[in-house]
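Trainee: Sequence first, then the predicted structure:
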Amino acid sequence: MCGIVGVAGRNPVNQIIYDSLLLLQHRGQDAAGIATSYDQFFSMYKAHGLVRDVFRTRNMRSLPGNSGLGQVRYPTAGSSDSVDEAQPFYVNAPFGITFVHNGNLTNWRELREELFRIDRRHINTNSDSEVLLNVFAHELQMAATGTSLDECAVFKAVSAVHRRVKGAYAVIAQVASFGMVAFRDPYGIRPLCLGAQETDKGVEWMIASESVALSGCGFNFVRDIAPGEAVLIDLDGNLSSRQCADNPQLVPCLFEYVYFARPDSLMDGVSIYDARLGMGEYLADNVAKSLRLGEIDVVMPIPDSSRPSAMQLAARLGLNYREGFIKNRYVGRTFIMPGQAVRKKSVRQKLNAIDMEFKGKNVLLVDDSIVRGTTSRQIVDMAREAGANKVFFASAAPPVRFPNVYGIDMPTQSELIAHGRDADAVAREIGANGLVYQALSDLESTLSDLNPAMHTFESSCFNGQYITGDIDAGYLERLSQTRGGTAPTAGNNGNENDDS
Ligand SMILES: O=P(O)(O)OC[C@H]1O[C@H](OP(=O)(O)OP(=O)(O)O)[C@H](O)[C@@H]1O
Ligand SMILES: NC(=O)CC[C@H](N)C(=O)O
Ligand SMILES: [Mg+2]
């Protein structure tokens, strides 16, 4: 679940892009990169690591120009080791394009083959994003007449991308000496929004994965970019947009609301914070049906993402809410770390129990989700070591039972703790005295309650139904073989150690 940002400004944008990437850091911790545009030249710097570690003063100085884009990466294709797969990507023809992508394509293998055989384009990494860039570049080449490019050609190229590409994609691209283009897949699986700020030199635009990047950098939220829509900002700052998909339909990823997005973001008309409060309300009702409330002394969140849900659940049930686990603010999000060994070790480094909150008490621990069970297994142990009597667990998301193919790195069914297990079996597995999951219909209702226009969701990891219609058992089997277990190591130049 990467974070992407683009700024078409009136002043140098390197610092704004850096600041916005810091605000999107929770979406990707593996690599970061920025590409700016000055005159007819692009400057680019990308490397492994967190934003604050990647960019030194000398790197920032090497990024001149009033427009640019950036990305923080959480790999779902290729490997986490290859800096060649970090973003932005660049191609020199046609015109010169830099490009950032959030999401994951499901037909990138076929496209890579097609690009080589028919379009005569070579892809030099195992990143689906490089494939997507080359499809866009090829379609731009086809749509442009003569040597020049115009608005119509850009929108035509995006329409052609929608017809060829399957999967999830939110994209921002800069076309040299022309402007910035952003588009979202026809289901809007991954988020993308637009902001603006007035300056004495004219309006500046920002496009970003989450609205927190806009508000944190002083931009006003203008609107979400619609599923299938493309937005174009020319070199004078004029903005135009067009619907480029035949049958656009909002089908956003539920996991953005459960876990990925920051609570202070607004996404497709829904406040993430409000959504998580709502999840806590529905979950409270389920807890009331499934557990004996009189037995629960205290409700506790598993920091960070479950806090709003846990708080609201406790309020609705009239139970005490206490913070029993303290998070080390210098350890990142464990779920998006590459490899199970590092994820497991990091839970203990990240969370520590305050014994006095547990001694002799029956506690209800609330998390936003249980995926591999890495967190919940250790947290239940820690609660018992801290002296808890009974430890109950509640998850604001339903059981995660199916792989994700749209930008969340969970490629194998067997790695999911709820695969083949009901709630009681998962409770035994994590060592809890009882476990309550959110119902999928309640999670969906939480969001529809807040935005009635939102009624269909990308819920595949909960129900196995993949909206793009191209995922079958064979696809999932191959995905599991190629990306299952530990994250694959660097595989450039045709190494088949990649994803499907
Ligand atoms: O069952 P698992 O495989 O452990 O995955 C689920 C856990 O991972 C996430 O936390 P994370 O530490 O990534 O981030 P957070 O601080 O935002 O909660 C999520 O919030 C759950 O706590
Ligand atoms: N999570 C994402 O958005 C990943 C983007 C792209 N598929 C990559 O692996 O780099
Ligand atoms: Mg968590």
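Mentor: On my side now, so go ahead. Ligands and ions are numbered 1, 2, ... in the order given.

Trainee: Run through the chain and note the low-pLDDT ranges.
Mentor: Applying pLDDT under 70 to the chain picks out residues 485-500.

Trainee: Asp285 and Leu313, how far apart?
Mentor: Using CB to CB, to the nearest Å, one gets 9 Å for the distance from Asp285 to Leu313. Glycine gets a C-beta too; all of them are placed from N, C-alpha and C.

Trainee: Give me the more crowded residue out of the two.
Mentor: Ranked by neighbour count (other CB atoms under 10 Å), Asp285 and Leu313 place Leu313 first, with 30 against 14.

Trainee: Surely the more buried one is in a helix?
Mentor: Yes. Assessed by DSSP: H, G, I helix; E, B strand; the rest coil, Leu313 belongs to a helix.

Trainee: wait, doesn't it sit right on Tyr282?
Mentor: No. Applying CB atoms under 8 Å as the test, Leu313 and Tyr282 come out as separate, 9.1 Å apart.

Trainee: Which of the three states applies to the nearest residue to Lys327 once chain neighbours are set aside?
Mentor: Among residues not flanking Lys327 along the chain, Pro303 sits closest, at 4.1 Å (CB to CB, 6 or more residues apart in numbering). Look at Pro303: counting by three-state DSSP, its state is coil.

Trainee: Pro303: neighbour count?
Mentor: Pro303 has 18 neighbouring residues, counting by other CB under 10 Å.

Trainee: how close does it sit to Phe392?
Mentor: 18 Å.

Trainee: So which bits of the protein are right by ligand 2?
Mentor: Counting by CB under 6 Å from any ligand atom, the residues of the chain close to ligand 2 are 1-2, 73-78, 85, 101-104, 127-129, 407.

Trainee: ok now do the residue of the stretch 401-500 of the chain found nearest ligand 2, which residues does it touch?
Mentor: Minimum separation of the stretch 401-500 of the chain from ligand 2 (CB to the nearest ligand atom) falls at Gly407, amounting to 4.1 Å. With contacts defined as CB atoms under 8 Å, 6 or more residues apart in numbering, Gly407 is in contact with Met1, Cys2, Thr76, Asn102, Gly103, Asn104, Ala168, Ile189, Arg190, Cys253.

Trainee: Can you report how many residues lie near Leu202?
Mentor: You called it Leu, but residue 202 is Gly. Residues near Gly202, counting by other CB under 10 Å: 10.

Trainee: Let me see the contact set for it.
Mentor: By CB under 8 Å, 6+ apart, the contact set of Gly202 is Arg10, Gly237.

Trainee: who does it bridge with?
Mentor: Thr199 (DSSP bridges).

Trainee: Please tell me how far it sits from Ala196.
Mentor: Gly202 is 10 Å from Ala196, by CB to CB.

Trainee: One more: Leu111?
Mentor: Distance from Leu111 to Ala196, by CB to CB: 34 Å.

Trainee: what's the answer for Val347, then?
Mentor: 41 Å.

Trainee: Give me the more crowded residue out of the two.
Mentor: Val347 (19 against 16).

Trainee: Among the residues of the chain next to ligand 2, name the ones in strands.
Mentor: The strands, defined by DSSP state E, take in Arg73, His101, Asn102, Gly103, Asn104 from the residues of the chain next to ligand 2.

Trainee: Looking at those residues, which is nearest Leu479?
Mentor: Leu479 lies nearest to Asn104 out of these, by CB to CB, at 10.3 Å.

Trainee: what's across from that closest one in the sheet?
Mentor: Going by DSSP bridges, Asn104 forms beta bridges with Ala168.

Trainee: My guess is it contacts Gly167. True?
Mentor: Yes. Counting by CB under 8 Å, Asn104 touches Gly167, with 5.6 Å between them.
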